[in-house]
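Participant: Sequence first, then the predicted structure:
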Amino acid sequence: MSSYVRAYVPVTSHHLVSAWPAITDVLAFAPDANGRALRSDAGEEAEFTAQMTAAEACLDEVLRTGGSRVVIACDIPALGTQVRSVGAGLEAFGPLSLDPSRVVSFHIDDPEVVAGLPEDQEAAAALLRSSPLLWFDSSEVGDLLEAFAQQPLDGRGDRGLDS
């Protein structure tokens, strides 16, 4: 039996719409082995750090092309996947292909925040970084795809998502 690691994959809403369910050639961020062994609040903090690292990894792309950051929480094989340290307590796995049946949830930028982003790139980045990501269950992927398909490429306008 293979063991799996809970990891966080950064994509943009445009990438999700164009590629789902064949999300390939992506990196996944996860706490390192020590972080994965932590329990309680410390374990949650390690997971949150990995999730925020993934969100940061797709920030520049979103600012350049519009849309929203999407962090896909999923379980990836612990063995047979290239892994490297990317900072204190964090590892990057991949490049890899996602198994859609192993996706647990999606974490996205608040559509109201995205719709109101200022033109100034630094101000927009700061606003996105300070706004919490919204959680969606994996069963809601169809709704997300439908709403994201309506997003203009410049990242402005009505998002069609209820927060």
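Facilitator: Received the coordinates, thanks.
Participant: Just the residues contacting the worst-scoring helix or strand of the chain on mean pLDDT, thanks.
Facilitator: Least confident helix or strand of the chain, by mean pLDDT, DSSP states H and E, is helix 33-37 with a mean of 89. Applying C-beta atoms under 8 Å, 6 or more residues apart in numbering, the contact partners of helix 33-37 are 5-6, 30, 43, 46-47, 49-50, 89-90. Any C-beta I mention is one placed from the backbone N, CA and C, and that applies to glycine too.
Participant: before we move on, what about stretch 19-26?
Facilitator: Residues from elsewhere that reach stretch 19-26, judged by C-beta under 8 Å, 6+ apart: 9-11, 15-16, 72, 94-98, 100, 141, 145.
Participant: Please apply the same query to stretch 86-102.
Facilitator: By C-beta under 8 Å, 6+ apart, stretch 86-102 touches 4-5, 7, 9, 20-32, 34-35, 46, 49-50, 53, 72, 74-76, 81-85.
Participant: one more time with 6 Å, if that's ok
Facilitator: Stretch 86-102 is contacted from outside by 7, 21, 23-25, 27-32, 35, 53, 74-76, 81, 83-85, using C-beta atoms under 6 Å, 6 or more residues apart in numbering.
Participant: Now it: buried residues?
Facilitator: Judged by neighbour count (16 or more other C-beta atoms under 10 Å), stretch 86-102 contains these buried residues: 86, 89-94, 96, 98, 102.
Participant: And those, which is closest to Q150?
Facilitator: L98 (23.4 Å; C-beta to C-beta).
Participant: got the contact list for the residue nearest to the spatial centre of the chain?
Facilitator: In the chain, the C-alpha nearest the mean C-alpha coordinate belongs to V71, at 1.1 Å (C-alpha atoms, centre = their mean). Contacts of V71 were listed using C-beta under 6 Å, 6+ apart, and they are 8, 10, 51, 54-55, 107.
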